Every structure is written in C-alpha cells, then in structure tokens.
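Peer 1: Sharing a sequence plus its predicted fold:
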Amino acid sequence: MLVVDILCAIYFYVFPSLLAVHESHPHARAVALVNLLLGWTIVGWLVSLFWVLSSAPKEALVRQRRFLAEARGKYLHVRRRYHHG
C-alpha cells in the first residue's frame, strides 16, 4: 500500500514533465527542468503544468484529457486492488 502511494506521488510530481514529453512540447526539457527543480514549491509545479497546457493545440488537449482519465482509472483500479486485498 505504501509503495503504491509513493509511486503515485512520484508520478503526480513529474506529471507536467511526462505530459510535455508525451505531447512533444517544443520546450519539453525546460518544462522538465522547472518541474524537477521547482515542482516541490507547488507554484513551480503549477507553472510547469500551465506552460504545457497553454501551448498545446486543441487536439492535444483532447488527448491529454483521455490520458488523464485513463491514468486516474488505472490508479483507482490499483488502489482498490491493494486496499481490499
């Protein structure tokens, strides 16, 4: 249970970086740098997330929403599996 929580926390922390790479953001390395160095401040995390989302074309936003929905579904499935088992 603790391991799943830690992995989910790490995934959440680097999510803007993963999203930038997944969407082939033109400044993916810079987004990742801001996210990794300043993400712990919450403001840095929000800046990196908004940076990725603000420069994404409309089609990419649709893909991002699907990606988020799938990730949330997988997390809830794993969470239920280990919580009840």
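Peer 2: Cool, got the structure. Bear in mind the structure is a predicted one, so any value in this text is a computation, not a measurement.

Peer 1: Centroid-nearest residue for this structure?
Peer 2: residue 15 (1.9 Å; C-alpha atoms, centre = their mean).

Peer 1: That residue: what secondary structure?
Peer 2: helix (DSSP: H, G, I helix; E, B strand; the rest coil).

Peer 1: Give me the nearest residue to it, chain neighbours excluded.
Peer 2: residue 49 (7.3 Å; C-beta to C-beta, 6 or more residues apart in numbering). Bear in mind the C-beta positions are built from the backbone N, C-alpha and C, glycine included.

Peer 1: so where does that neighbour fall, helix or strand?
Peer 2: Residue 49 is part of helix 43-54 when elements are defined by DSSP states H and E.

Peer 1: mind listing what's buried in that helix?
Peer 2: Across helix 43-54, burial judged by 16 or more other C-beta atoms under 10 Å covers 44, 45, 47, 48, 49, 51, 52, 53.

Peer 1: And for stretch 34-45?
Peer 2: 34, 35, 39, 44, 45.

Peer 1: Could you measure from the residue lying closest to the last one once chain neighbours are set aside over to residue 13?
Peer 2: Setting aside the residues directly before and after it, residue 45 is nearest to residue 39 in space (C-beta to C-beta, 6+ apart), at 4.2 Å. Here the criterion is C-beta to C-beta, to the nearest Å. By it, residue 39 lies 6 Å from residue 13.
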